[in-house]
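In: model this:
(one chain, ligands or ions: 1)
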Amino acid sequence: MLDRLTPQHFIGGEFVNSGVREKLTVYNPARAEPIAEIPRGTAEDVEKAIDAARKALPAWRLTTPSERSRMLYRLADAMQADLENLLELEALNVGKPRHNARNEALFAIDLIRFCAGAARCMEGKAAGEYLAGHTSFVRREPLGIVAGITPWNYPIVMLAYKLGPSLATGNALILKPAEQTPLTTLRVAQLAAEIFPAGVFNVITGDEIAGAAIVQNRDIRLVSLTGSTDTGRLIARQASQDLKRVHLELGGKAPVIVLDDADLDQVIAGMRKGAFYNSGQDCTAATRLIAGPAIYPGLRAALTEMVSAVKVGAPDDGDDIEMGPLVSSEQLERVSGFITRAQDTNVTITSAEAKTDREGYFFPPTLVSDIDQGHELIQQEVFGPVLTLQKCDSEAEAIALANGTDYGLGASLWTRDVGRAMALSRAIHAGAVWVNCHDRVTPEMPHGGVKCSGYGKDLSMYSLEDYSHIKHVMVSHD
Ligand code: NAD
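Out: The predicted model follows:
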């Protein structure tokens, strides 16, 4: 499949060579070897994409919801037919186990189908006579040209997060995938070329140079970033120049509160996936276990055993691989740095062996216990397979520890007592709280954070609202 990809920008319905010249190398992280080169997009390339979007927009915004819906369903069908190619590319580029890549591609397809249906269900709240002799109603309209900037951890899912609501609501989209993982986005662009009018969906490859050019462009009315909190801050600051909207899905540091009455086996199974799925490179990954005093000793022993049992390997190593490598040498260095520094502090570190004899950016599943709330492993997003364990003596202390970071994206609670689950889920500051499960998403339900995890919602009808605006129209009866 790799040889059939066109590693170029996708502008105005065509793959085009960027006028400039610098290339970025794309790697297979399971082997630490280069697999492709992509153009390093510039402001000039972004301007070309905006021209194409500007030309497409007048006709595109007049399409009916039903027409846009049909095109989105066609794209989902084309992706479904291409599933094997998409999952192979995703596994190759991110190093994911194939079964994970398959499930993620299927989720992306399902989300595009959800958006295709939702396109036809947008509503304004009411219409009526609020001033005598006048009828008012609310129209929901596209924003215009919008931009999506995505991270490297779930490339095809992130594409669907941006493409689905943008196109469903009648915007033209410029998408910039992460420089490390552009391959499935380029494949979807090949499929989309047959379906959408030219200029409605454009892809600019590259890094922060293209990203910054997108954010600075005054014709773009919304920038939707999924990325780190630092990048979110930069983008919000830059976007304030022309007051463009920003939609920010940023970092996380999900707490996991385990009450004494929790089902220990259920917690361990939940953490095996919740902490180590995608090698922990997940904004809602379980990162901080906070356990009641009675369950703590058993939990600690079971977790120590579990981290050594997680099967680590490359996509080619077999169907039972649970966890692949980190995405890049930079990410490996970053995650290793946290653990090297932690060795000089008074924590207890339990690391499994990285079970692979290949080159590749592998890091073993790791448990860190006997750790204080102020430690950087509690306060900073590691974005790797590292789980911390803290003990608490009361529910009040559990909540204080859970809420005691700058982040607020996801959290989970483990208890058999539904009343405690209700009370504690209210007390946790986060965009999502899971009870007796962790990090489950569905297209119908919103995803997005509070505090430094950002604002705006992905998934659900709320995301379509974020990609559109409401207009009041008042008609005089005279
Ligand atoms: P990143 O912020 O480094 O990069 C994300 C994207 O932003 C990339 O496409 C990058 O090229 C672009 N970018 C970087 N600097 C930019 C700038 N100055 N202007 C414009 N664009 C710029 O993040 P990453 O390392 O690719 O991804 C990991 C981060 O993403 C983690 O913090 C993770 O928590 C977060 N994330 C959040 C969610 C969520 O839903 N909240 C989901 C996945 C990942």
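In: how many neighbours does the residue of the chain found nearest the ligand have?
Out: When scored by C-beta to the nearest ligand atom, the chain has G211 as its residue closest to the ligand, at 2.2 Å. Yep, even glycine has a C-beta here, placed from its N, CA and C like the rest. For G211, the count of nearby residues is 25 (other C-beta atoms under 10 Å).
In: For it, which three-state class applies?
Out: Look at G211: counting by DSSP: H, G, I helix; E, B strand; the rest coil, its state is helix.
In: Now do it, the pLDDT please.
Out: Looking at G211, its pLDDT reads 98.
In: Verify the contact between it and I149 for me.
Out: Yes. Look at G211 against I149 with C-beta atoms under 8 Å: they come within range, at 5.4 Å.
In: roughly how far apart are I112 and P443?
Out: Counting by C-beta to C-beta, to the nearest Å, the gap from I112 to P443 is 9 Å.
In: which one of these two has more residues nearby?
Out: I112 (25 against 22).
In: just checking, the more buried one is part of a strand?
Out: No. Judged by three-state DSSP, I112 forms no part of a strand; its state is helix.
In: List the residues that contact V223.
Out: Counting by C-beta atoms under 8 Å, 6 or more residues apart in numbering, V223 touches V146, A147, I149, I214, V215, I235, A239, K244, R245, V246, H247.
In: So is the host helix or strand of L234 next to the ligand?
Out: Assigned by DSSP states H and E, L234 belongs to helix 229-239. Yes. Using C-beta under 6 Å from any ligand atom, helix 229-239 reaches the ligand at T231, L234, I235.
In: Who are the contact partners of the residue of the chain closest to the ligand?
Out: So G211 contacts I149, K176, T231, I235 (C-beta under 8 Å, 6+ apart).
In: Doesn't F196 lie inside a strand?
Out: No. Checked against three-state DSSP, F196 lies outside a strand; its state is coil.
In: Just give the number of residues close to it.
Out: By the measure other C-beta under 10 Å, the count of residues near F196 is 23.
In: Determine the three-state secondary structure at the nearest residue to it once chain neighbours are set aside.
Out: Excluding its sequence neighbours, the residue lying closest to F196 (C-beta to C-beta, 6 or more residues apart in numbering) is M71, at 5.7 Å. The three-state label given to M71 by three-state DSSP is helix.
In: and the gap between M71 and D51?
Out: In terms of C-beta to C-beta, M71 sits 22 Å off from D51.
In: tell me which of the contacts of V223 is nearest to E84?
Out: I149 (28.1 Å; C-beta to C-beta).
In: pLDDT wise, what is that closest one at?
Out: 98.
In: which residues does A53 contact?
Out: With C-beta under 8 Å, 6+ apart, A53 has these contacts: I145, A172, L173, I174, G199, V200, N202, D219.
In: mind redoing it with 7 Å?
Out: Counting by C-beta atoms under 7 Å, 6 or more residues apart in numbering, A53 makes contact with I145, A172, I174, G199, N202.
In: For the last one, list the residues it contacts.
Out: By C-beta under 7 Å, 6+ apart, the contact list for N202 reads F10, I11, A49, A52, A53, L173, I174.
In: switch the cut-off to 8 Å
Out: H9, F10, I11, G12, A49, A52, A53, A172, L173, I174, L175.
In: what does the third one give?
Out: Under the criterion of C-beta under 8 Å, 6+ apart, the contact partners of I174 comprise 46, 49-50, 53, 145-148, 202-204, 214, 220.
In: hmm, try it at 7 Å
Out: So I174 contacts A49, I50, A53, I145, A147, N202, I204, I214 (C-beta under 7 Å, 6+ apart).
In: State the pLDDT value of the second one.
Out: Confidence at I50, expressed as pLDDT, is 98.
In: my guess is it meets N217, correct?
Out: Yes. Between I50 and N217 there is a contact at 6.1 Å, judged by C-beta atoms under 7 Å.
In: The two: who's more crowded?
Out: Neighbour count, other C-beta under 10 Å: between I50 and N217, I50 has more, with 24 against 19.
In: list the buried ones in whatever helix or strand that one lives in?
Out: Element membership for I50 (DSSP H and E) is helix 43-60. For helix 43-60, the neighbour count (16 or more other C-beta atoms under 10 Å) marks D45, V46, K48, A49, I50, A52, A53, A56, L57, W60 as buried.
In: Reformat the residues you listed as a markdown table; add distance to A294.
Out: Listed next are those as a markdown table, based on distance: C-beta to C-beta, whole Å:
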| residue | distance to A294 |
| --- | --- |
| D45 | 59 |
| V46 | 57 |
| K48 | 63 |
| A49 | 58 |
| I50 | 60 |
| A52 | 62 |
| A53 | 59 |
| A56 | 62 |
| L57 | 61 |
| W60 | 60 |
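In: can you count the residues close to C115?
Out: Residues lying near C115 (other C-beta under 10 Å) number 30.
In: Excluding covalently adjacent residues, which one is nearest to A411?
Out: A411 sits nearest to A430 (C-beta to C-beta, 6+ apart), 4.3 Å away.
In: I misspoke; the intended subject was W434.
Out: Per C-beta to C-beta, 6+ apart, closest to W434 is S412, 4.2 Å.
In: show me what contacts that neighbour?
Out: Contact partners of S412, counting by C-beta under 7 Å, 6+ apart, are V256, A286, V433, W434, C437, H438.
In: again, only using 10 Å
Out: Neighbouring residues of S412 by C-beta atoms under 10 Å, 6 or more residues apart in numbering: 254-258, 267, 270-271, 274, 284, 286, 289, 402, 425, 428, 430, 432-440.
In: By neighbour count, sort out the buried ones in those.
Out: Neighbour-count burial (16+ other C-beta under 10 Å) applied to the contacts of S412 gives 254-258, 267, 270-271, 274, 284, 286, 289, 402, 425, 428, 430, 432-434, 436, 438-439.
In: Just the element for S136, please.
Out: Using DSSP H and E, S136 sits in strand 134-142.
In: buried sites along that strand?
Out: Within strand 134-142, the residues scored as buried using 16+ other C-beta under 10 Å are P142.
In: Give the next helix or strand downstream of that strand.
Out: From strand 134-142, the next helix or strand downstream (DSSP H and E) is strand 145-149.
In: got the angle for that next one vs helix 229-239?
Out: Angle, strand 145-149 to helix 229-239, by axes from the mean of the first three to the mean of the last three C-alpha atoms, to 10 degrees: 160 degrees.
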